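*Asks:* what's the 3D shape of this:
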Amino acid sequence: MLDEHGFRRKAYAEILEEMEAKAKELFGDDIQTTSHSTLGIFLRVVAWFLSLAQELAERVYNSGFISKATGVQLDRLGSNNGITRNPAMPALVTLEFTGKEGFVIEEGVQFKTSNEIIFEMIDVVTLDADGKGSGQAVSAIYSSKANVPANAITVIAEPSEDLYTVTNPAMAAGGSELETDSDFRERIRVSLRANPGPPTNGIITALSEVSSVRSASVVENNTMTTDAEGNPAKSVHVYCFSGIKEDIGNAVFESVAAGIQTVGEQAVTVKDLSGFEHVVKFDYAESTTIFVEVDVTVTASFPEDGVNDIKQAVYNYINGLNMGETVVHSFMYPGIYAVEGVKIAIVKIGKTQAAVASQNIVISSKEVAQTTFEQIEVRVADGS
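*Replies:* Numbers count the residues shown, from 1 in each chain. Okay, the predicted model is just below:
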């Protein structure tokens, strides 16, 4: 039904009730419309297919609204405003190696984290006279889980006596799943609220359109003096959580006004329409390491790999937080209790191993909480 309040679809039971009432109006009140009568069965078959038509009409009606459209309909509404759904992407990371002088690490060689997230080389690296070298690798999975913290990739998947160590000095970036309807819907709303441009909201809008940037913040210094955080006069300091460096640099360049200085440790060279080069600077979110202790009492049904399941649940929660989000220790309990056999759990967290407690940890707007499997300790007690 469509009226001044919008469209409201009729449910199967409502349609059937109206059809039974009409049948009695036409054939008399004593006509049999029960589920065992011939007419009743016929009415129920027709009502079922009419309810499907009502559902289709509702989806067609909702497809015209960003707040209610889903799937390809939402994609098309976004494309009307020049916004496309972010695809699933692998993470990129720079790996540093030590080994025997002259050893060659070929393209396709794999390395991984302790929790089996695999990265594959896309560069060919030859170790120098000091036995050192570096090159880029890409994750085997297309997921934000591949945005591992610094120094998490330490396992040589294909061991060689001439290759001693591997690590990633900076966190991996760029990994993301296919953007969900809810995330895409919110990004469309943000984009429509402010077009990319010099104001802070415009800069954040431009960054929100960069694939795999999970969140961003902007610190402006509008004064003629250096501020308390060391940002020079008339400058913009952009902080991003995840995202590919070159894409972020281009987004900042397209949205910051001419003459405004950008600040940060990350530098990207971009060209304007005339071909002149400009250096754009920004910073990735500072990583705040979180140590976790989990004491669990378990029953006999606790699986052999239950400890790893608990670590994975904690890891997914903490590493799934965005910039500035507080680490709430009680939010880890649902994932822990989802592991079969967990009877009692006590979670303690802290910024150092010595400071863990049943507490929440407040993260600043320029930081993001991160952890690794090595920083999550699970102690198991038998409670069966």
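*Asks:* pull out the buried positions in the longest helix along the chain.
*Replies:* Longest helix in the chain, counting residues (DSSP state H): helix 38-62. By neighbour count on 16 or more other CB atoms under 10 Å, the buried set for helix 38-62 is Gly40, Leu43, Arg44, Ala47, Leu50, Ser51, Gln54, Asn62. No exception for glycine: its C-beta is placed from N, CA and C like everyone else's.
*Asks:* any idea how this protein splits into domains?
*Replies:* The chain is divided into the following domains under automatic domain parsing: 2-62, 92-167, 194-284, 288-382.
*Asks:* of the ones you listed, which shows the lowest average pLDDT?
*Replies:* Of all these, the minimum mean pLDDT falls on domain 194-284 (a mean of 84).
*Asks:* follow-up on the earlier one: can you give me the buried ones in the following helix or strand past the longest helix of the chain?
*Replies:* Later in the chain than helix 38-62, the nearest helix or strand by DSSP states H and E is helix 71-80. Neighbour counts over helix 71-80 (16+ other CB under 10 Å) mark Gln73, Leu74, Asp75, Leu77, Gly78 as buried.
*Asks:* what lies in contact with helix 71-80?
*Replies:* Contact with helix 71-80 is made by Arg59, Asn62, Ser63, Gly64, Ile66, Ala69, Thr84, Arg85, Asp181, Phe184, Arg185, Ile188, as judged by CB atoms under 8 Å, 6 or more residues apart in numbering.
*Asks:* distance of Lys307 relative to Leu43?
*Replies:* In this structure residue 307 is Val, not Lys. Remark: distance between Val307 and Leu43 (CB to CB, to the nearest Å) = 58 Å.
*Asks:* what count of nearby residues applies to Gln353?
*Replies:* Counted with other CB atoms under 10 Å, residues neighbouring Gln353 total 12.
*Asks:* got the contact list for it?
*Replies:* By CB under 8 Å, 6+ apart, the neighbours of Gln353 are Phe291.
*Asks:* mind checking how far it is from Asp309?
*Replies:* Between Gln353 and Asp309 the distance is 22 Å, computed by CB to CB.
*Asks:* one more: Lys100?
*Replies:* On the measure of CB to CB, Lys100 and Asp309 end up 39 Å apart.
*Asks:* looking at these two, which is more packed in?
*Replies:* Using other CB under 10 Å as the criterion, Lys100 and Asp309 rank with Asp309 on top: 19 against 12.
*Asks:* need phi/psi at that one.
*Replies:* The phi/psi pair for Asp309 (degrees, to the nearest 10) reads phi -60, psi -40.
*Asks:* test my guess that it contacts Val298.
*Replies:* No: contact criterion CB atoms under 8 Å: Asp309 and Val298 do not qualify, at 11.3 Å.
*Asks:* point to the residue nearest the middle of this structure.
*Replies:* Centrality entry for the chain: nearest residue to the mean C-alpha point is Ser144, 5.4 Å, by CA atoms, centre = their mean.
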